[in-house]
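[1] Just need the structure, nothing else, for what follows:
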Amino acid sequence: LVMSSIDLYLYYGGEPRSDVTYRVTYEGPSKELEIIQLKKGREINLKKLKKKIMKELDLDRRLHDIKIIYRAPHAVFSDRIVFTPIEIKGDKHVKIMFKRINLTSQLKAAELYLSVEPRKEVGSEDVQQTTLEGGGGEEF
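    Numbers count the residues shown, from 1 in each chain. You can find the predicted model right below:
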């Protein structure tokens, strides 16, 4: 039995926006995209999902946390799919996401919109927030 995989498109460096046609898109001047693959049908929890994403984006989990928005297919029409943003905040959301992915056979990939946040528990007050491009944000 060959276990197929699902592609997860990781968008970062921008922000989710409302869209008339598709309900939600991801925009921004420095928008970036990475792709990871997960085995279909394999159980994964939020901690493992975040760990895999942060490893791919080369983020230190001690310094950063990520907020994940899943662009969930809400309604499938002949000419388009309408999406709903779902924030992945716990294991139940991860389960819902994978159930939705597995049930919507037309989709070969899922889109996740990421925002990177500095960890609040970090001891030092002056921890610099670094951008995903590496280095601090420059002022113009």
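[2] quick one, longest helix in this protein?
    When the chain is parsed with DSSP state H, its longest helix is helix 91-103.
[3] Which elements pack onto the following helix or strand past that helix?
    From helix 91-103 onward toward the C-terminus, using DSSP states H and E, the following helix or strand is strand 109-118. Here strand 109-118 touches strand 5-12, strand 15-19, strand 64-76, going by 3 or more CB pairs under 8 Å, 6 or more residues apart in numbering; DSSP states H and E. For every residue, glycine as well, the C-beta is placed using N, CA and C.
[4] Please name the nearest non-neighbouring residue to K108.
    Closest residue to K108 in three dimensions, ignoring its sequence neighbours and counting by CB to CB, 6 or more residues apart in numbering: D7, at 6.6 Å.
[5] hang on, the earlier thing: need the helices and strands packed on strand 109-118 in JSON lines with distance to L46, can you?
    Shown next, in JSON lines, are these (distance: least, CB to CB, whole Å):
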{"stretch": "strand 5-12", "distance to L46": "14"}
{"stretch": "strand 15-19", "distance to L46": "19"}
{"stretch": "strand 64-76", "distance to L46": "8"}
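[6] To V94, which of those strands lies closest?
    Comparing the helices and strands packed on strand 109-118 against V94 with CB to CB, the closest turns out to be strand 64-76 (8.9 Å).
[7] counting contacts, what elements does the closest one pack onto?
    Where contact means 3+ CB pairs under 8 Å, 6+ apart, strand 64-76 is packed against strand 23-27, helix 46-56, strand 81-88, helix 91-103, strand 109-118.
[8] on that earlier part again, return the residues in contact with the residue nearest to K108.
    Counting by CB atoms under 8 Å, 6 or more residues apart in numbering, D7 makes contact with I35, I36, Q37, K108, A109, A110.
[9] Please tell me how far the most centrally placed residue in the chain sits from I68.
    Relative to the mean C-alpha position of the chain, the nearest C-alpha, by CA atoms, centre = their mean, is the one of L112, at 2.8 Å. Counting by CB to CB, to the nearest Å, the gap from L112 to I68 is 5 Å.
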